[in-house]
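K.L.:
Fold the following for me, if possible:
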Amino acid sequence: MNTSRRRWTFSLRTLLLVFIMVGIVAYCATGVYQWKEQPASEYNTVTMIRRVGQYISSNHGQWPMSWTDITDVAFARRHVRIRFDVDTAELIRDPELIQTVITPISGEYHTYPHAHSHLEELRGILAANRTTGSGQASATNSPAP
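P.N.:
Next up is the predicted model:
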């Protein structure tokens, strides 16, 4: 009976050790994956800031309503978050708000030091191209009269 108990204890300890090791490996693998994906996410965000700026310039200061309003974005959808429900008048008034409307999927910048200045430039494009009205993009994204 004593031998049987040792085998059971040994098996339980081994199983526990295996679970701990699998957890450590999974944790490390997740960290490496995120570390590898972060630069791609941030530099896709740069591209999207530029594309949104081009959209605003060509649509009289209107903010895009969805991904379909911005051209060639299939590469960025999995790396970038864009808030499409913003009021451009509020973006112009509140300098902090522009920092939250286009972000990498992680929500923060680690490898792209110029993000804040590029978003401020986007805010300037909004202010320069803003048309009269509420400042929200229309459903059709047609220019305001």
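
K.L.:
Correct me if wrong: F84 contacts Q62.
P.N.:
No. F84 lies out of contact with Q62 (Cβ atoms under 8 Å); the separation is 11.3 Å. From N, CA and C alone the C-beta is placed, and that goes for glycine too.

K.L.:
Looking at those two, which is more packed in?
P.N.:
In this view F84 and Q62 are compared by other Cβ atoms under 10 Å, and Q62 has more residues nearby, 25 against 13.

K.L.:
Which phi and psi values does the more buried one adopt?
P.N.:
phi -80, psi 140 (degrees, to the nearest 10).

K.L.:
and if you look at T103?
P.N.:
Per degrees, to the nearest 10, the backbone of T103 is at phi -140, psi 160.

K.L.:
how about low-confidence regions in this protein?
P.N.:
For the chain, the stretches with pLDDT under 70 are 1-10, 34-35, 131-145.

K.L.:
how about the helices in it?
P.N.:
Ranges of helices in the chain, per DSSP state H, are 2-58, 88-93, 115-129.

K.L.:
Many thanks, have a good one.
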